[in-house]
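Peer 1: Test case, fold it:
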Amino acid sequence: MKRRVIVIALGGNALIGEGQRGTIAEQFENIRKSLDGIIYCLKAGFEVVITHGNGPQVGNLLLMVEACRSQVPELSLGVCVADTEGAIGYMIQQSLTNRLRKEGIDRCVVTVLTQVVVDKDDQAFSNPTKPIGPFLSREEAERFRREKGWHIAEDSHRGYRRVVASPNPLKIVEERAVKTLLKTGDIVIAAGGGGIPVITNESGYLEGVDVVIDKDLASAVLARDIHAQCLMMLTGVEHVFLNFKQPNEQALSRFTVKDARKYLQEGHFPPGSMGPKVQAAINFLEWGGERAIVTSIDKVKEALNGQAGSIICKD
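Peer 2: Take a look at the predicted model:
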């Protein structure tokens, strides 16, 4: 029987719902609600690797760092990414372990703190575009820009957020560990928040850098490196849309890599929202993946069976 591996990328709405403050209790509750699709994939015979976002969490942690900088040593952005990757991994790991016990499934869930290599000469270092942290009003955005020197941008007409540099992911450092865990039947949580960004320095050693990596692009690299057949990106909407939230909005049920490139060039998919998901799908399929899917958390079963979501295919 052919080995089937799926990488499931949980979007931010799997952790913090719209209008929520993002308390730990809220995040645990949201994670528990997002597990049905993962359980379905396991019962369908897939080996499952889970990735997740961390934009709100790492942004909130940076706000705490700013507030306490006169009292405790400051944490770098890279360390904040590592902290939130571990914390969110723990929440998913515990919630999924409990659900597996309820279902009578004897599997171990393991979180791998994942380092992801980026190019130290990537032009993204000088062009911050990746939103992190909470949404801000125009007044708050102007104050943080003025007082803290933050780069601020409007995020898909939803408000203003801090943006930081986000270079392209190249390689998963802990790739072999993820493969080994999968072979033993474990469920792996990896590349959380896009992974901890590192470069290879002049001496050939790894060195952390204060940027963030898009979790969907990192998920595509992880899926490539572990030879997954399917990359599924779960978000707050069931489909990818053209002209999103416009009178001529159009849901896309199935489209090709060629179509995806065309739509990207036409500006249909914002860089802070659907753009990275579509680009991740393109990358994964061009690297040899079989199927990429974008859908909502509650439509996993239907999307895998071609009855919901947006399926991106090679041709």
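Peer 1: just the helices in the stretch 101-250 of the chain please.
Peer 2: For the stretch 101-250 of the chain, the helices defined by DSSP state H, counting those that start in this stretch occupy 138-148, 175-183, 215-225.
Peer 1: which of these sits most buried?
Peer 2: helix 215-225 (a mean of 27; mean count of other Cβ atoms under 10 Å). Bear in mind the C-beta positions are built from the backbone N, C-alpha and C, glycine included.
Peer 1: Student question: in the protein, what's the helix or strand with minimum average pLDDT?
Peer 2: Across the helices and strands of the chain, mean pLDDT, DSSP states H and E gives its lowest value to strand 130-136, namely a mean of 77.
Peer 1: Point out the other helices and strands that that one packs with.
Peer 2: In terms of contacts (3 or more Cβ pairs under 8 Å, 6 or more residues apart in numbering; DSSP states H and E), strand 130-136 is packed against helix 55-67, strand 160-164.
Peer 1: Make JSON lines out of the helices of the stretch 101-250 of the chain and add distance to Ala260 and mean pLDDT.
Peer 2: Compiled in JSON lines, the helices of the stretch 101-250 of the chain are given as follows (distance: least, Cβ to Cβ, whole Å; pLDDT from 0 to 100):
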{"stretch": "helix 138-148", "distance to Ala260": "31", "mean pLDDT": "85"}
{"stretch": "helix 175-183", "distance to Ala260": "26", "mean pLDDT": "96"}
{"stretch": "helix 215-225", "distance to Ala260": "13", "mean pLDDT": "97"}
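Peer 1: can you tell me which of these comes nearest to Gly104?
Peer 2: Using Cβ to Cβ as the measure, helix 175-183 is the one of those that comes nearest Gly104, at 21.2 Å.
Peer 1: Where does pLDDT dip in this structure?
Peer 2: Residues of the chain meeting the criterion pLDDT under 70: 1-2, 13, 156-157, 272.
Peer 1: So for it, the centremost residue is which one?
Peer 2: Lys215 (3.0 Å; Cα atoms, centre = their mean).
Peer 1: Surely that residue touches Ile50?
Peer 2: No. Lys215 is beyond contact range of Ile50, at 11.0 Å (criterion: Cβ atoms under 8 Å).
Peer 1: and stretch 97-114, which residues are buried?
Peer 2: For stretch 97-114, a neighbour-count test (16 or more other Cβ atoms under 10 Å) marks 99-100, 107, 109-114 as buried.
Peer 1: Which members of the residues you listed are positioned in strands?
Peer 2: The members of the buried residues of stretch 97-114 that map onto strands under DSSP state E are 109-112.
Peer 1: which one of these is nearest Arg158?
Peer 2: Thr111 (29.5 Å).
Peer 1: so who does the closest one touch?
Peer 2: For Thr111, the contacting residues are 86, 89-90, 92-93, 188-190, 192, by Cβ atoms under 8 Å, 6 or more residues apart in numbering.
Peer 1: would you turn the helices of the stretch 101-250 of the chain into a markdown table with distance to Gly159?
Peer 2: Shown next, in a markdown table, are those (distance: least, Cβ to Cβ, whole Å):
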| stretch | distance to Gly159 |
| --- | --- |
| helix 138-148 | 8 |
| helix 175-183 | 35 |
| helix 215-225 | 20 |
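Peer 1: can you pull the contacts of Gly193?
Peer 2: 52-55, 57-58, 81, 84-85, 88, 212-213, 215.
Peer 1: switch the cut-off to 7 Å
Peer 2: Going by Cβ atoms under 7 Å, 6 or more residues apart in numbering, Gly193 touches 53-54, 58, 81, 84-85, 212, 215.
Peer 1: Not counting sequence-adjacent ones, nearest residue to it?
Peer 2: Asn54 (3.2 Å; Cβ to Cβ, 6 or more residues apart in numbering).
Peer 1: same question, Arg291
Peer 2: Cys230 (4.8 Å).
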